[in-house]
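S.K.: Sharing a model that was predicted from the sequence below.
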Amino acid sequence: MLQSAHRTMKIHLGLGSSVDKTFRGVNYANNFIDFYDDKNYTHYGPEHPQLNGVFYYDKLMQPSGDVCMASVISA
């Protein structure tokens with residue numbers, strides 16, 4: 001369904017499964033579709049590091065003055 005959808009803007013989706021307790025992120029636009037999880041998402045920077053078992057989108061351009069999502073989740 002995602003492959004055949006006609007999109008003009010890049011959007012972000014989050015898909016969770018109660019069956020296998022996983023969460024996937026999806027970036028897709030008119031010319032690509034990428035699936036991510038906590039191991040292969042490449043957009044975490046030193047300010048907002050990857051956490052095992054946790055996937056999150058950082059909606060802001062980095063660096064920003066916002067609180068680090070990883071530090072909030074870790075606490």
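M.R.: Sure thing, it's come through.

S.K.: shaky segments in this structure?
M.R.: 2-3, 6-9, 58-66 (pLDDT under 70).

S.K.: Leaving out sequence neighbours, find the closest residue to the residue most central in space within it.
M.R.: The chain has Tyr57 as the residue nearest its centroid, 3.7 Å off, counting by Cα atoms, centre = their mean. Distances taken as Cβ to Cβ, 6 or more residues apart in numbering place His12 nearest to Tyr57, at 5.4 Å, with adjacent residues excluded. Bear in mind the C-beta positions are built from the backbone N, C-alpha and C, glycine included.

S.K.: Distance-wise, check the one you found relative to Val19.
M.R.: Plainly put, His12 is 23 Å away from Val19 if you go by Cβ to Cβ, to the nearest Å.

S.K.: And the helix or strand hosting Phe35, what does it pack against?
M.R.: Phe35 is located in strand 33-36, with elements delineated by DSSP states H and E. Judged by 3 or more Cβ pairs under 8 Å, 6 or more residues apart in numbering; DSSP states H and E, the packing partners of strand 33-36 are strand 22-28.

S.K.: re the thing from before, in the strand holding Phe35, what counts as buried?
M.R.: Across strand 33-36, burial judged by 16 or more other Cβ atoms under 10 Å covers Tyr36.

S.K.: Centre of the chain to stretch 51-58, how far?
M.R.: Averaging C-alpha positions (Cα atoms, centre = their mean, to the nearest Å) puts stretch 51-58 7 Å from its chain's average.

S.K.: quick one, what contacts the residue nearest to the centre of the chain?
M.R.: Listed by Cβ atoms under 8 Å, 6 or more residues apart in numbering, the contact set of Tyr57 reads His12, Gly14, Gly25.
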